[in-house]
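Trainee: my questions concern the predicted model and sequence given below.
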Amino acid sequence: MSRVRPTPEFEHAPTDRPRERLDHVAAGPPTPLKETLERLAEVPDETVLVQFNDRAPQHLYPKLEDRGYQFETVETDEAVVTAIWR
């Protein structure tokens, strides 16, 4: 059974756009990196992708920068949550 994790408040991520969630807390590397990049290629530019992970996605950050995305990461008790947007 999948658990719905609350989305934390972000300081810089847009709040007036559609959001899509990816929960990778239980997935080991490289699944979160691969699936996040694949999903970003599919969603419209106005969508904010919110990725839940068990750790900060350090290897994802440079790939996002290279592709022109902005991002913000917040740590909660349950997950490390990264908002990604254009």
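Mentor: Yep, that arrived. Numbers count the residues shown, from 1 in each chain.
Trainee: could you use CA atoms for every contact and neighbour count after this?
Mentor: Will do.
Trainee: any idea whether Thr36 is helix, strand or coil?
Mentor: Per DSSP: H, G, I helix; E, B strand; the rest coil, the local secondary structure of Thr36 is helix.
Trainee: ugh, wrong one, Val81
Mentor: For Val81, the assignment made with three-state DSSP gives strand.
Trainee: so what pairs up with the spatially most central residue of the chain in the strands?
Mentor: Note on the chain: the residue nearest the mean C-alpha position is Gln51, at 2.6 Å, using CA atoms, centre = their mean. Legend: beta-bridge partners of Gln51 under DSSP bridges are Leu22, Thr82.
Trainee: so what's it up against?
Mentor: Each residue near Gln51 by CA atoms under 8 Å, 6 or more residues apart in numbering is listed here: 21-24, 36, 81-84.
Trainee: which parts of the chain are strands?
Mentor: Counting by DSSP state E, residue ranges of the strands within the chain are 19-23, 48-53, 70-75, 80-85.
Trainee: right, and those - which one's nearest Glu11?
Mentor: strand 70-75 (8.0 Å; CA to CA).
Trainee: can you give the distance from the closest one to the centre of its chain?
Mentor: Relative to the centre of its chain, strand 70-75 is centred 8 Å away, using CA atoms, centre = their mean, to the nearest Å.
Trainee: quick revisit: what's the farthest-apart pair in the contacts of Gln51?
Mentor: For the contacts of Gln51, the maximum inter-member distance is 14.6 Å, found between His24 and Ile84 (CA to CA).
Trainee: give me the buried positions along stretch 51-61.
Mentor: 51-54, 56-57, 61 (16 or more other CA atoms under 10 Å).
Trainee: same question for stretch 71-86.
Mentor: Neighbour counts over stretch 71-86 (16+ other CA under 10 Å) mark 71, 73-74, 79-86 as buried.
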